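Asks: Structure, please.
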Amino acid sequence: MELKEAGTMKFNLKEQAKKVFESRSFRAGTYSVLSCIVLGIILIVINLLVNRLPAGMTEYDITNTQLFTISEESKEIAAAVDTDITAYLVVETGGENNTIVELLKRYTAINDKIQVQYVDPAVYIDFTKQYTEEQLEENSLIMVGNGRYRIVNYSDMFQFDLTDYYTSGTYITTFNGEGMISSALDYLCKDELPLIYSLSGHGEPELSDTWVNYIKGQNTELETVNLLTSEADITKADCIIINAPTADYTNGEIETIRKYLEDGGRMMLITDWVSEEQPNLMGLMEYYGCEYVDGIVIEGNANYCLSGYPHYLVPDLMPGEITEKLIAKRTLVCTPAAHGIRLLDETRSTLVCTPILNTSADAYAKVAGFEMATLDKEEGDIDGPFSLGVAISEDYFGTNTKIVWFSASTLLDPEFDANVAGGNSNLVLSAFSWMLDTDTAILSFTKNVGIEALIVPSTHKTALSVLFAVVIPLSFLVVGFIVWLRRRKK
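Replies: Now for the predicted structure:
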């Protein structure tokens, strides 16, 4: 009897199990479990695939100054890398600077020949000694490739302006990691560095440390040479710089420079208005199709100067090889206290003179210079428009001469450069790139780590003032009056 009951119970359990497995709820539950498993597998696969995508496609730069978004110029430099380069980020684990890390991801995403490795100095104590005896700052980079290396210090990427710190308690932090890394990549891929001579002996001010770094950042060698006392042979130079001389060059020096240029030399000339004439130097420029205009240029059109400062010129960038990319970015340039340049009507057919910067037709030159009693136009002042920068090229029997002439040394002043978000420095560096026949200029990509200043031309400032101070308040008053009037009628 007990055996019969046990057999019956066993049979009932099988029947019940069969009913459970065949029930709609079990099938639905099984389907749900399998669906979750399949979905989980799909999500894991998608996550693995997404992690292999370039950082630029999966991570977005939402910083207000686009700190780790790289420019088209840097993308071209990274894409052109044809040798294996490793960027060693020297930092203790957990102390990585996120801005530098994200910026490096952008470079590695462009070219797989660029790799990044993290080196913890607490673990690999002697690693940096093969490159430098100095102790590197945390988050510094050692870029290695092509049998060479370059160290990019953290303090060169992040710089601190403490000018206002002791008065307001605030300071400005800027980041130029892009410029430093792009320069290092370009350096490691070059076999030879162009040689630039900066001429001296005529009252030329020394190039500031900022500009020395900018020029060397183009991966060039920079030396100062006095043509009268030095035995240096300028024919060895790929380019010469004449920066704001206050005295004229001698006939012998001009002849040396002329011969150098005629043999395919390159020259960057920057001049200021000076009370003492410089007939030899200006005669050389007339030989190359341009003439000096006496006087300090004042702008009569408010759209071509900083608000309230008609001698702080904001000229038009004219189309050309030097300015093409700058125009596309709507770059502004500020050139205070400039003199004018004019292109000569009659020149030899081999010369090509192209304006780089032009004032408006309302500009005029104050011939009294810094002795002017008023900024207003007076009798004897010279009517514009003027060029404030020109590019000159000449092809003659297989030689190619290139000259760039800017008419204000304030173009190199960091303060005025900051007023136009680096527009001045980028223009000059682009001019160097054109003269040296490099594919891409390594521009200044300094960005504020914070809120970037808004640059508003004079006429826009007036229009915005009227809009916010008059139009919008009056609009609210009118709408309010209409609503009140309608309610009263009801």
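Asks: By average pLDDT, which secondary structure element in the chain comes out worst?
Replies: helix 55-58 (a mean of 51; mean pLDDT, DSSP states H and E).
Asks: other SSEs contacting the next helix or strand after that one?
Replies: Next helix or strand after helix 55-58 toward the C-terminus (DSSP states H and E): helix 72-79. Using 3 or more CB pairs under 8 Å, 6 or more residues apart in numbering; DSSP states H and E as the contact criterion, the elements in contact with helix 72-79 are helix 98-110, helix 177-189. The way it works is simple: take the backbone N, C-alpha and C, and place the C-beta from them, glycine included.
Asks: Give the other helices and strands that the helix or strand hosting residue 431 contacts.
Replies: Assigning secondary structure by DSSP H and E places residue 431 in helix 423-435. Under the contact criterion of 3+ CB pairs under 8 Å, 6+ apart, the helices and strands touching helix 423-435 comprise helix 209-216, strand 266-270, helix 324-328, strand 387-396, strand 399-406, helix 414-419.
Asks: how about a cut-off of 7 Å?
Replies: strand 266-270, helix 324-328, strand 399-406, helix 414-419 (3 or more CB pairs under 7 Å, 6 or more residues apart in numbering; DSSP states H and E).
Asks: so that helix versus helix 177-189, what angle?
Replies: 20 degrees (axes from the mean of the first three to the mean of the last three CA atoms, to 10 degrees).
Asks: Might one say that residue 121 is in contact with residue 90?
Replies: Yes. At 5.8 Å, residue 121 counts as touching residue 90 under the criterion of CB atoms under 7 Å.
Asks: Looking at these two, which is more packed in?
Replies: Neighbour comparison, residue 121 and residue 90: the larger count goes to residue 90, with 23 against 16 (by other CB atoms under 10 Å).
Asks: Bridging across strands, which residues link to that one?
Replies: On the basis of DSSP bridges, residue 90 takes part in beta bridges with residue 119, residue 140.
Asks: what's it in contact with, if anything?
Replies: Taking CB atoms under 7 Å, 6 or more residues apart in numbering as the contact definition, residue 90 lies against 119, 121, 128, 136, 140, 142.
Asks: How about residue 217?
Replies: With contacts defined as CB under 7 Å, 6+ apart, the neighbours of residue 217 are 179, 183, 442.
Asks: show me the contacts for residue 375.
Replies: Neighbour list for residue 375: 298, 310-311 [criterion: CB under 7 Å, 6+ apart].
Asks: what's the span of stretch 337-354 from first residue to last?
Replies: End-to-end distance for stretch 337-354: 22 Å, by CA to CA, to the nearest Å.
Asks: I'd like the mean pLDDT over it, please.
Replies: The pLDDT scores in stretch 337-354 average 95.
Asks: buried sites along that stretch?
Replies: The neighbour-count check on stretch 337-354 (16 or more other CB atoms under 10 Å) flags 337-342, 347, 351, 353-354 as buried.
Asks: Mind splitting this structure into its structural domains?
Replies: 21-52, 60-161, 195-435, 462-490 (automatic domain parsing).
Asks: how long is the third one from one end to the other?
Replies: Looking back up the chat, that one is domain 195-435. Using CA to CA, one end of domain 195-435 lies 12 Å from the other.
Asks: And stretch 229-239, by the same measure?
Replies: The distance separating the two terminal residues of stretch 229-239, taken as CA to CA, comes to 19 Å.
Asks: cool, stretch 319-327 as well?
Replies: With CA to CA as the measure, the ends of stretch 319-327 fall 8 Å from one another.
Asks: low-scoring pLDDT stretches of the stretch 301-450 of the chain, where are they?
Replies: Residue ranges of the stretch 301-450 of the chain with pLDDT under 70: 443-450.
Asks: returning to that earlier point: which of the contacts of residue 375 tops the neighbour count?
Replies: Tallying neighbours with other CB under 10 Å puts residue 298 at the head of the contacts of residue 375, with 24 neighbours.
Asks: doesn't residue 312 make contact with that one?
Replies: No. Counting by CB under 7 Å, residue 298 does not reach residue 312; the two are 10.1 Å apart.
Asks: all helices for the stretch 201-350 of the chain, in order.
Replies: If DSSP state H, counting those that start in this stretch is used as the criterion, the helices of the stretch 201-350 of the chain fall at 209-216, 251-262, 279-287, 324-328.
Asks: So which of those is nearest residue 80?
Replies: When the helices of the stretch 201-350 of the chain are ranked by distance to residue 80, counting by CB to CB, first place goes to helix 324-328 at 16.1 Å.
Asks: counting contacts, what elements does that closest one pack onto?
Replies: Short answer (3+ CB pairs under 7 Å, 6+ apart): helix 324-328 packs on helix 423-435.
Asks: Could you list the low-confidence segments of the stretch 51-200 of the chain?
Replies: In the predicted model, the stretch 51-200 of the chain carries pLDDT under 70 at residues 51-68, 160-172.
Asks: With distance to residue 294 added, can I get the helices and strands packed on helix 423-435 in CSV?
Replies: Converted to CSV, these look like this (distance: least, CB to CB, whole Å):
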stretch, distance to residue 294
strand 266-270, 17
helix 324-328, 29
strand 399-406, 16
helix 414-419, 23
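Asks: deepest of the ones you listed, which one?
Replies: When those are scored by mean count of other CB atoms under 10 Å, the highest mean neighbour count falls to strand 266-270 (a mean of 23).
Asks: Centre of the chain to that strand, how far?
Replies: Taking the mean of its C-alpha atoms, strand 266-270 sits 21 Å from the chain's own mean (CA atoms, centre = their mean, to the nearest Å).
Asks: between it and strand 387-396, how many degrees?
Replies: 160 degrees.
Asks: CA atoms only: put strand 266-270 into CSV for me.
Replies: Taking Å, rounded to 0.1, in the frame of the first residue of the first chain, the C-alpha atoms of strand 266-270 are listed here in CSV:
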residue,chain,number,x,y,z
ARG,A,266,63.8,85.4,-46.1
MET,A,267,63.2,88.4,-43.8
MET,A,268,60.8,89.4,-41.1
LEU,A,269,60.9,93.2,-40.8
ILE,A,270,59.0,95.0,-37.9
